[in-house]
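# Please find the sequence and the predicted model below.
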There are 2 protein chains.
Amino acid sequence: METSKRMKRESKRQNNLNISDFLSKGMEKMRASDIRDALKLVEGKKIISFAGGLPDPETFPHNEVKEIVRMLEHSDFSSSFQYGATLGMRELRKELAKFVSKRGILNANEDNVLISAGSQEAIYILCFLLLDPGDDIIVEAPTYVAALNAMRLRNPVFHGIPIKNNGMDMDDLEKEIKEIEAVGRKVKFIYTVPSSQNPGGVTMSMDNRKRLLELAEEHNILIIEDDAYGFLAFDGNAPDAIKSLDTTGRVIYTSTFSKILAPGFRLGWVIASTEIISKMELMKQSIDLHSSTFTQRIALETLRRGVIERNMPKVRKLYKEKRDVMIKSIEEWFPKNVKYSVPDGGMFIFVWLDQKIDTRKLLQDAIKRGVAFVPGSGFYHDDSGNNTMRLNFSRPSTEEIRDGIKILGALIKEATT
Amino acid sequence: METSKRMKRESKRQNNLNISDFLSKGMEKMRASDIRDALKLVEGKKIISFAGGLPDPETFPHNEVKEIVRMLEHSDFSSSFQYGATLGMRELRKELAKFVSKRGILNANEDNVLISAGSQEAIYILCFLLLDPGDDIIVEAPTYVAALNAMRLRNPVFHGIPIKNNGMDMDDLEKEIKEIEAVGRKVKFIYTVPSSQNPGGVTMSMDNRKRLLELAEEHNILIIEDDAYGFLAFDGNAPDAIKSLDTTGRVIYTSTFSKILAPGFRLGWVIASTEIISKMELMKQSIDLHSSTFTQRIALETLRRGVIERNMPKVRKLYKEKRDVMIKSIEEWFPKNVKYSVPDGGMFIFVWLDQKIDTRKLLQDAIKRGVAFVPGSGFYHDDSGNNTMRLNFSRPSTEEIRDGIKILGALIKEATT
């Protein structure tokens, strides 16, 4: 290199570029999930974590997957290593079209199915497919934080409907829709987690499901039904999916292998009209071409062999036991004025503390004493819920649950007095 | 259900909703890849396909992966089933920071690495992170179609620089940048596939790489370097990556396991400044949380055990042989006025036919005679290149290459006369 050029290069080295000069305007609103941030705080530390949404590793069907891989080695190894179709493996889509009959969805076929990278990717794709900045959308308050973050990338106008014991309140919902329409605007979609809602822990009754669909039809609104926990109702009987009632292709149903097989496989699926599926397919092609053929091939075999079907009752039993331990510990150690959900499924208990407690601050102290949770405000579209927190009971052991809740209880009492 | 309600439902059933009423405005430009369309045409038919970009299954290290899975069964199976960090597995990021020294990138560490779902996801994320509608960007003409499609979702203004024997012509590039700046606009990034370019088959010389970086520094432009084929130069020595020359964090480097291990694992990676990596991490969190832990764990072990390093010379040898067979067949069967690339690596030969031949039409006839390829216009930002086509030589057998090129040659001769 000539000296003059090197000097030029050297002088430039001082002036590292500033990436914010190059960012798209829309990206300013991008934010980290509180959960992920909380998880970073605990990385490498010995801590009791109620923060993540991790399945208990006991629920992973190791031996069955081991056998499946053995079988693939002798038959389909090459095709599992190769590129595949954007929609996902046809045989897997066929199996899923059958599998969702467990959620009351009876008339799906493989053309109604798209395989996504968890349900997260499905929700992300729908936000970009359907939303322009400023569009009005309705979510539950609180709701799934990673869905909120995907929506935020599109700068929509959020409308939150508080959850009650039967899920989103339908009178509140109707009122909100009418208010939006009264000012000449229109709701694009309603996003709901109807069964064992994350983080609220409530399940929408069948009557409410019917009324929700009727409202959506009357006002020409799409419904995104996130059924991540539909297979994890502790008594085995979540009400049928809203999608099971849908006759006009208005409901877009998403679910995931993350809670019933293994999140590390990064597989979820969508059930929707072929029109919607083909638009989602186009977008997925630009995002990641397709989801892992290798993990799809394994997942297909777990469905064919009934591995998931046999596994689900075990998962439900284990999580129900852990929920019971957590509820019992909360009763014992939390102040009496604390409100909390008693979920009928899923992995989380949601807690409403005294209004004056800020759970973001509480988290700092909790971590010092060796316990982590997720502050609840991240689950609110409007960052309210400062006094709330989400507690995961699927990952920690029953011993950790008892110890951790005792520590948290003491901390909350200190903060209240 | 009451009769009145049922009738209402029935009447609604007639009026299926029209999804285009709900689509985001930006999504109108979304289009299917010509490759994927061409692949659909051949699905299930016995056809000689030069259309895809599929590796030869012979290159997949089956036995080594089998052994790795055996090992994981006894140690890390649980953690491979579990959720993981959005950036990717730390150990894998460490190995990749070392691995890219083969491309001359010497000062990377794990904080400069993000694991993506193939390099496709990395390119997609960068388009959304960096581009606002109407932003000016520069691409090679022709260039990788799936990157173009990801960019199109953002409605940028494309500027194409024709490729020559040493890659993108640097005088043309400088002229274009100055013309853009002369009208008060600014180039956001230059996207380049510098080694064994897809589809053009050319490799950018080291002199051009240096000049490209100098131009980018002088005009404050980012470079996205897509090094998908950097490890597949047939003589084993592609010029060092542009990223190896970068001292200011201006170059964002992407590569993939798809060509050197297995595309079905859906794994690629990015090397960039920590500032850019952390923005990409936030966006990836909203898209898919993270890439498959299961396939990451396997890929990590293939690096640690030197599986990929030992595999690469075999892949290069096989593809070089196949390229030679295809070039020889083209010389024998194509009309003499046909121009074609003689790639020094990668998987594709690009062909320029007589101007009056439309390769989209030619494809229809070719498929009737049992041969498929990708029409070249999809690789041009402005849909030019109607007389061009891309031929893949990595997937078909040498026999198929000979037979298919003979058929294509006859067809081209018919179309020319």
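Sure thing, it's come through.

# what are the ranges of the strands in the stretch 1-150 of chain A?
Using DSSP state E, counting those that start in this stretch, the strands of the stretch 1-150 of chain A run over A:48-49, A:113-116, A:136-141.

# For chain B, which of these is the nearest?
strand A:113-116 (8.0 Å; CB to the nearest CB). To be clear about C-beta, it is placed using only N, CA and C from the backbone, and glycine gets the same treatment.

# so what secondary structure elements neighbour that closest one?
Applying 3 or more CB pairs under 8 Å, 6 or more residues apart in numbering or on different chains; DSSP states H and E, one finds that strand A:113-116 contacts helix A:90-99, helix A:118-130, strand A:268-271, helix A:274-288.

# just to revisit the earlier point, okay, the strands of the stretch 1-150 of chain A, which one's buried deepest?
Highest mean neighbour count of these: strand A:113-116, a mean of 27 (counted as mean count of other CB atoms under 10 Å in any protein chain shown).

# dump the residue contacts of the closest residue to chain B within the stretch 301-417 of chain A.
Distances between the stretch 301-417 of chain A and chain B by CB to the nearest CB are smallest at A:Arg395, namely 9.3 Å. Neighbouring residues of A:Arg395 by CB atoms under 8 Å, 6 or more residues apart in numbering or on different chains: A:49, A:52, A:54-56, A:347.

# repeat that with 7 Å
A:49, A:52, A:54, A:56 (CB atoms under 7 Å, 6 or more residues apart in numbering or on different chains).

# circling back to that earlier point, any chance of the strands of the stretch 1-150 of chain A in a markdown table, plus mean pLDDT?
Output for the strands of the stretch 1-150 of chain A, formatted as a markdown table (pLDDT from 0 to 100):
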| stretch | mean pLDDT |
| --- | --- |
| strand A:48-49 | 94 |
| strand A:113-116 | 98 |
| strand A:136-141 | 98 |
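
# and of those, who's closest to B:Pro162?
Checking those against B:Pro162 by CB to CB gives strand A:113-116 as the closest, at 37.5 Å.

# What's the local residue count around A:Asn166?
Residues lying near A:Asn166 (other CB atoms under 10 Å in any protein chain shown) number 15.

# you'd agree it is up against A:Asn208?
Yes. A:Asn166 lies in contact with A:Asn208 (CB atoms under 7 Å); the separation is 5.2 Å.

# Mean neighbour count and distance to A:Asp403 for the helices and strands packed on strand A:113-116 - can I get that in TSV?
Compiled in TSV, the helices and strands packed on strand A:113-116 are given as follows (neighbours: other CB atoms under 10 Å in any protein chain shown; distance: least, CB to CB, whole Å):
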stretch	mean neighbour count	distance to A:Asp403
helix A:90-99	20	38
helix A:118-130	26	31
strand A:268-271	26	34
helix A:274-288	21	41
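
# Reformat those as JSON lines; add mean pLDDT and distance to B:Leu289.
Formatted as JSON lines, these follow (pLDDT from 0 to 100; distance: least, CB to CB, whole Å):
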{"stretch": "helix A:90-99", "mean pLDDT": "98", "distance to B:Leu289": "20"}
{"stretch": "helix A:118-130", "mean pLDDT": "96", "distance to B:Leu289": "5"}
{"stretch": "strand A:268-271", "mean pLDDT": "98", "distance to B:Leu289": "10"}
{"stretch": "helix A:274-288", "mean pLDDT": "95", "distance to B:Leu289": "13"}
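
# could the ones you listed go into CSV alongside distance to A:Arg185?
CSV is the format used below for the helices and strands packed on strand A:113-116 (distance: least, CB to CB, whole Å):
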stretch, distance to A:Arg185
helix A:90-99, 36
helix A:118-130, 15
strand A:268-271, 27
helix A:274-288, 23
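
# could you dump these to a markdown table with distance to chain B?
Converted to a markdown table, these look like this (distance: least, CB to the nearest CB, whole Å):
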| stretch | distance to chain B |
| --- | --- |
| helix A:90-99 | 10 |
| helix A:118-130 | 5 |
| strand A:268-271 | 9 |
| helix A:274-288 | 4 |
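
# looking at those, which is closest to A:Pro343?
Across the helices and strands packed on strand A:113-116, closest to A:Pro343 is helix A:118-130 (CB to CB), at 18.6 Å.
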